[in-house]
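**Q** here are the coordinates; sequence isn't available:
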Ligand SMILES: NC(=O)c1ccc[n+]([C@@H]2O[C@H](COP(=O)([O-])OP(=O)(O)OC[C@H]3O[C@@H](n4cnc5c(N)ncnc54)[C@H](OP(=O)(O)O)[C@@H]3O)[C@@H](O)[C@H]2O)c1
């Protein structure tokens, strides 16, 4: 992997998949810059990363904060997008438009704006990796809203890889991963969902942040990968 001394920005790198990615990429010699909205969480995350790292508070739903962040940072090589809210799930009949708009704001528009704000300073030899979600291609009940958000992002990958060439554009689409994304669901209920999911998956377990981080690191480091979505979901779409 040829990312030694390259600067990698991980938006939403202060926990879960983003943080696991930062840890892997520093092992390959990259300089990582992680962002999040919460300063304290950011500091705790930075303390857990060995290697060349720095961090900045930047809310990806704010175009002003994004512009300031990228202007201050200067030229960099790779952008990884892990930000997301937790809204957007639930049965279609009771899904509120207001709630889904908020969810689009916190994921689709945050990713969209971050990419636009990054383009002046993103190195032409570099890459953009979106973290989408398996909901974009499954038929699981209660995921219509999430499918719409992540499907919209995944639909952008091919034309964006074409327009931004030679910058490479890819996505990793995770299945169910044990991270803080699930924090709003009470512990008991969450563990029941995890156990039920694990029982139906061919791999017999739910995902760890490191499973997704390895797929992201592969896309960032492999200069021949562009226009792809890697589905890293333990076989979520495989039915008996
Ligand atoms: N976990 C799963 O099962 C799963 C499945 C499919 C897809 N995904 C996707 O994977 C990605 C990473 O999520 P995760 O599971 O690693 O969850 P996570 O642990 O909650 O990580 C989310 C990260 O994004 C940051 N963040 C959220 N909103 C932000 C904003 N507006 N501006 C800047 N930073 C923001 C959070 O820090 P602050 O809170 O401090 O801002 C945190 O660092 C998300 O896009 C999620 O949709 C997750």
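**A** All right, it came through fine. Given the structure is predicted, the values throughout are model-derived calculations rather than measurements.
**Q** In the chain, which residue sits closest to the ligand?
**A** residue 16 (2.2 Å; Cβ to the nearest ligand atom). All C-beta atoms are positioned from the backbone trio N, CA, C, and that covers glycine.
**Q** Wait, that residue touches residue 83, no?
**A** No: using Cβ atoms under 8 Å, residue 16 makes no contact with residue 83, being 10.7 Å away.
**Q** ok, the residue of the chain closest to the ligand - contacts?
**A** Neighbouring residues of residue 16 by Cβ atoms under 8 Å, 6 or more residues apart in numbering: 82, 177, 179, 180, 181, 209.
**Q** For the top helix by length along the chain, list every residue counted as buried.
**A** For the chain, the longest helix by residue count, based on DSSP state H, is helix 144-163. Across helix 144-163, burial judged by 16 or more other Cβ atoms under 10 Å covers 144-154, 156-157, 160-161.
**Q** Also stretch 216-235?
**A** 216-221, 225-226, 228-234.
**Q** So is it next to the ligand?
**A** No: Stretch 216-235 is not in contact with the ligand by Cβ under 6 Å from any ligand atom; minimum separation 8.2 Å.
**Q** Quote the end-to-end distance of that stretch.
**A** 18 Å (Cα to Cα, to the nearest Å).
**Q** That one - what's its average pLDDT?
**A** Computed over stretch 216-235, the mean pLDDT rounds to 98.
**Q** quick one: the strands in the chain?
**A** Along the chain, counting by DSSP state E, strands occupy 7-11, 31-36, 53-57, 76-81, 122-131, 168-174, 229-232.
**Q** by contact count, what packs against the shortest one?
**A** Put plainly, it is strand 229-232. Under the contact criterion of 3 or more Cβ pairs under 8 Å, 6 or more residues apart in numbering; DSSP states H and E, strand 229-232 touches strand 168-174, helix 209-221.
**Q** Let's have these in TSV, adding distance to residue 9.
**A** TSV is the format used below for those (distance: least, Cβ to Cβ, whole Å):
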stretch	distance to residue 9
strand 168-174	15
helix 209-221	11
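**Q** What residues does this protein have near the ligand?
**A** So the chain meets the ligand at 11-18, 35-38, 41, 59-61, 82-84, 106-107, 110, 131, 133, 174, 176-177, 179-181 (Cβ under 6 Å from any ligand atom).
**Q** Return the member of the contacts of residue 16 nearest to residue 92.
**A** residue 181 (20.9 Å; Cβ to Cβ).
**Q** Looking at that closest one now. What's its pLDDT?
**A** 96.
**Q** Then the one 4 residues further on?
**A** Model confidence at residue 185, given as pLDDT, is 93.
**Q** that older thread, how about the buried residues of stretch 216-235, which pair is most distant?
**A** Maximum distance among the buried residues of stretch 216-235 (Cβ to Cβ): 25.1 Å, for 226 and 234.
**Q** which residues does residue 228 contact?
**A** 157, 170, 171, 219.
**Q** Nearest residue to the last one in space, please, no chain neighbours.
**A** Here the nearest residue to residue 219 in space, its sequence neighbours aside, is residue 170; by Cβ to Cβ, 6 or more residues apart in numbering that works out to 4.4 Å.
**Q** for that neighbour, what are its contacts?
**A** 127-130, 157, 161, 219, 225-230.
**Q** run the last query once more with 7 Å
**A** 127, 129, 157, 219, 225, 226, 228 (Cβ atoms under 7 Å, 6 or more residues apart in numbering).
**Q** what's the answer for residue 135, then?
**A** 143, 146, 147, 150.
**Q** same thing with residue 207?
**A** 174, 175, 176, 177, 234.
**Q** Cool, thanks, signing off.
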